[in-house]
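>>> My questions concern the predicted model and sequence given below.
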Number of protein chains: 2
Amino acid sequence: MSDKHILKGSLQAIILQLLTEQDRMYGYEITQKVKQLTANELHLTEGALYPALHKLESEGFLEAEVEVVENRVRKYYKLTSEGKTEAANKALALLESFRQITQLLQIKPL
Amino acid sequence: MSDKHILKGSLQAIILQLLTEQDRMYGYEITQKVKQLTANELHLTEGALYPALHKLESEGFLEAEVEVVENRVRKYYKLTSEGKTEAANKALALLESFRQITQLLQIKPL
DNA sequence: TCTATATACATAAGATTCAAATGCATATAG
DNA sequence: CTATATGCATTTGAATCTTATGTATATAGA
């Protein structure tokens, strides 16, 4: 019925922004955080998240460190210094796109 | 330097909304309108537009009529009655996504 | 005259990106 | 002993976009 999905193109910005506000997070934590913050209205699937994390890592915006917590392996991600810059850039670019499209729809901006 | 592209997922909503405001439009006109309204900052390519128009038509939200103007063929699109409802729905859904994501990007740091 | 640009439609190839499904493994609650 | 939750990850396939190309007419400029 509803399209409870991440708006395409927003995912990288969201990941980077969450890691700006919280020093380090692991994958599952990110999915749960998004769920919680949006009252379950945006569903961030793992099939989307993990490839995005790997891409951000390969681009040098994230670095990962593995830890064992309660006998389970966790992979924590944190921003590199380039990642911090990129987080701000991507958030701004996204908001600018929203502004443009909202204007195009001639609806009052948020 | 900027990614002058339509935000993925917004295209259908934009087309439907433009046709809500203007009774009928043809493809090229839509590309030029978007260009004009966004000061050339969103580039709506024909490779994206025409498939989207055809899909909206096949879904029953648009209907087309062909006219010859100055020896050139023009295909005018207009909303069906279902299309009018869908235009409102898609615009609202899009804005709601924007709101959700904007909220995600504006979490207060601890 | 010839060529670039604009108008106007459209498809094809390739890339990206995502959802859905699945897999592995551990832990706990019923 | 089984269902659910946690936690990592990949595969498959669909959708959607960019880039490039194709067809055709008209006009402005070199």
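Cool, got the structure.

>>> List the contacts of the closest residue to chain B within chain A.
For chain A, the residue closest to chain B is residue A:8, as judged by CB to the nearest CB, at 3.5 Å. In short, each C-beta sits where N, CA and C put it, glycine included. By CB atoms under 8 Å, 6 or more residues apart in numbering or on different chains, the contact set of residue A:8 is B:7, B:8, B:9.

>>> again, 10 Å this time
Contact partners of residue A:8, counting by CB atoms under 10 Å, 6 or more residues apart in numbering or on different chains, are A:48, B:7, B:8, B:9, B:10, B:97.

>>> Are the longest helix along chain A and DNA strand C in contact anywhere?
Secondary structure assigned by DSSP state H gives helix A:81-104 as the longest helix of chain A. No. Judged by CB under 7 Å from any atom of the strand, helix A:81-104 makes no contact with DNA strand C; its nearest approach is 11.1 Å.

>>> near chain B, anything from that helix?
Yes. Helix A:81-104 reaches chain B (CB under 10 Å from any CB of the partner chain) through A:87, A:89-104.

>>> Skip the chain neighbours and tell me the closest residue to residue A:67.
residue A:74 (5.2 Å; CB to CB, 6 or more residues apart in numbering or on different chains).

>>> need the residues of chain A near DNA strand D, please.
A:8, A:26-29, A:32, A:46-47, A:50-51, A:53-54, A:69-70, A:72-76.

>>> List the contacts of the residue most central in space within chain A.
Nearest to the mean C-alpha position of chain A, by CA atoms, centre = their mean, lies residue A:15 at 1.9 Å. Counting by CB under 10 Å, 6+ apart, residue A:15 makes contact with A:25, A:27, A:30, A:34, A:44, A:49, A:52-53, A:55-56, A:61-62, A:77, A:79, A:83, A:87, A:90.

>>> tell me which element it is part of?
Using DSSP states H and E, residue A:15 maps to helix A:11-21.

>>> same question for that helix, mean pLDDT?
Helix A:11-21 shows a mean pLDDT of 92.

>>> coming back round to it: also compute the angle for the longest helix of chain A relative to helix A:11-21, please.
Per axes from the mean of the first three to the mean of the last three CA atoms, to 10 degrees, the angle that helix A:81-104 makes with helix A:11-21 is 130 degrees.

>>> Look up how far residue B:101 lies from residue A:11.
Separation of residue A:11 from residue B:101 (CB to CB, to the nearest Å) stands at 10 Å.

>>> count of neighbours near the residue of chain A found nearest DNA strand C?
Residue nearest to DNA strand C within chain A: residue A:47 (1.9 Å; CB to the nearest atom of the strand). Neighbourhood size, residue A:47 [other CB atoms under 10 Å in any protein chain shown]: 8.
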